[in-house]
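**Q** Return a 3D structure for these sequence lines:
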Amino acid sequence: MKYMLGFYKFDPIKETKRAWDVVSDPKVIKNLILLKLGKHPLYLKYTYPPAEFTPANEKNDGLEFYFNPSLELSNKMILYLFMKKQLEFHFEFQELLSPGCAILRPTILHVSKVERKEPRFSVKGDEVVASNFRVSKNRITANNIQFQITSRIIFPQIEEAAKKTMGDIRILISNSEELPDVIKQKEINQPEIIQTNSQHLFVFPIVTYAKNKFIPLAYILYPLQKLPNEEEKSRIMIELERIANETFEKILEVNTTLIKTKQRILNISEGGLAIEITDPELIKLIPYQESITFDLIFKLVAPLRMQGEVKYIHKIKKEGDPTLIMGIEFTGLGYTEFRKSNIEILRNLLKKLTPI
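**A** Residues are numbered from 1 along each chain as shown. Here you go, the predicted model:
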C-alpha cells in the first residue's frame, strides 16, 4: 500500500512484526491522549519527516487535531508516539473543520509488548555518519557456494600466518565433514573447550546473524596440550578472537561489495539506529540484506565497525530522488559478538548527543 502525503510517497518495503497489547475502548484512548499524555503531539505513521498532530479538545465522539495544512488526510490513519513502549493510535477521519484542523475518531490503540531497552538520541547534520557498507546480493552462509569456494583460499592463508604465534590451528567451514563429531552434534556459537577422543580443543566460532540468532560460519580449532588456567585461557581467547576478526574481515572482502559513501544517521541508541540511504548502489542492494556490516563514524573518533540486523526499510520518493530509511538493530559488537569495546565506546559517545 502507498501513502501519499503532501509531496511524499512512502512505501514500506520491509517491517518486522511487533507483538501488541490492544485497547479498544475509545473513552480510554481519549483519556490517555488528553489527560495522561497531556495533549502531547502524536506523529503520522509513514511520513518523513514525521508529520506532527497536536490534540486539542474532545469533539462529539472524536478529538480535534491540528496539523500541517499541506497534508492530505485519508479515511483511516495511524498516529504514533514512542515512550518506553511504542503507542499506535488508529483513527477514522470525521470532519475537516478548517485547513490544518480536523476531527478524528479513535478506534483502537496498539501498545507494544516489549519496552524500548535504551534511550534514543537525535543526530544533527553530519555529527554521526555511517560508511564502508559491506553488502551482498546473497546472504553469506555455510551453504553459500561463493563462500564455500572462497573459504578454501582464505582459511589456508590465515592458518599459515597463525602458525607464527599459535602453532597449528585449523579453520573449517561450519558444515565441514572434517569437524569432530562433538561439534557436528551441537551448534557452538560462543568460545568453548571441548574434548574429542584424542585431545582437548579450544573452539572459537566465527558467526553471522540470521533468524534472530548467531549462526556459525566457521570454527577455529586450536589443539591444547593441557587444560589452560584462567590466565592462559584469557591469552588464548584474545589471540583466537584476533584471528576470528581477521577471518571474518577476509570473508566480507571476498563475498561482499564495499560501498564507501557516507550516509546520514537520523537517530541512534545503544541498541540500533536509523540510517537515511541516498547512495544509488546501496538503494539497489539494501532490500536484499537481512544483516549488514558498516562503520559508524563520530567526528574526531576512529570508526567503529558495527554489525546489525535490518529491522525495517521504508522507501521515500521526494522530488524525484529515491531515498530509503533503514532501521538496524545491532547484533555484533564488531566482527563477532564477543568484542565488548565498541559498544562501550558507543555508550560514551552517545552522552554527547541529545536524547529524543
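
**Q** which secondary structure elements does the strand ranked longest in the chain contact?
**A** For the chain, the longest strand by residue count, based on DSSP state E, is strand 304-318. In this structure, strand 304-318 packs against strand 8-15, strand 200-210, strand 272-277, strand 291-298, strand 321-332, helix 341-350, with contacts taken as 3 or more Cβ pairs under 8 Å, 6 or more residues apart in numbering; DSSP states H and E. C-beta coordinates here come from the backbone N, C-alpha and C atoms, glycine included.

**Q** in its sheet, what does the first one sit against?
**A** Just to be clear, that refers to strand 8-15. In the sheet containing strand 8-15, the strands it pairs with under DSSP bridges are strand 3-5 (antiparallel), strand 304-318 (antiparallel).

**Q** quick one on the thing from earlier: got JSON lines for the helices and strands packed on strand 304-318, with mean neighbour count too?
**A** Shown next, in JSON lines, are the helices and strands packed on strand 304-318 (neighbours: other Cβ atoms under 10 Å):
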{"stretch": "strand 8-15", "mean neighbour count": "15"}
{"stretch": "strand 200-210", "mean neighbour count": "22"}
{"stretch": "strand 272-277", "mean neighbour count": "22"}
{"stretch": "strand 291-298", "mean neighbour count": "21"}
{"stretch": "strand 321-332", "mean neighbour count": "19"}
{"stretch": "helix 341-350", "mean neighbour count": "15"}
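
**Q** returning to what we had before: what angle do strand 200-210 and the longest strand of the chain make with each other?
**A** Relative orientation of strand 304-318 versus strand 200-210 (axes from the mean of the first three to the mean of the last three Cα atoms, to 10 degrees): 10 degrees.

**Q** And the strands in the stretch 151-300 of the chain, which stretches?
**A** Per DSSP state E, counting those that start in this stretch, the stretch 151-300 of the chain carries strands over the ranges 170-173, 192-195, 200-210, 213-224, 257-259, 263-268, 272-277, 291-298.

**Q** Export the ones you listed as a markdown table, with columns for distance to K85.
**A** Listed next are the strands of the stretch 151-300 of the chain as a markdown table, based on distance: least, Cβ to Cβ, whole Å:
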| stretch | distance to K85 |
| --- | --- |
| strand 170-173 | 42 |
| strand 192-195 | 37 |
| strand 200-210 | 25 |
| strand 213-224 | 24 |
| strand 257-259 | 35 |
| strand 263-268 | 17 |
| strand 272-277 | 16 |
| strand 291-298 | 26 |
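
**Q** These into CSV, with extra columns for mean pLDDT and distance to T47?
**A** Shown next, in CSV, are the strands of the stretch 151-300 of the chain (pLDDT from 0 to 100; distance: least, Cβ to Cβ, whole Å):
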stretch, mean pLDDT, distance to T47
strand 170-173, 95, 46
strand 192-195, 92, 48
strand 200-210, 88, 30
strand 213-224, 90, 34
strand 257-259, 93, 28
strand 263-268, 94, 14
strand 272-277, 94, 14
strand 291-298, 92, 25
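
**Q** which stretch among the strands paired with strand 8-15 comes nearest K137?
**A** Among the strands paired with strand 8-15, the nearest to K137 by Cβ to Cβ is strand 304-318 (14.2 Å).

**Q** Identify each buried residue in that closest one, please.
**A** Using 16 or more other Cβ atoms under 10 Å as the test for burial, strand 304-318 gives 304-310, 313-316.
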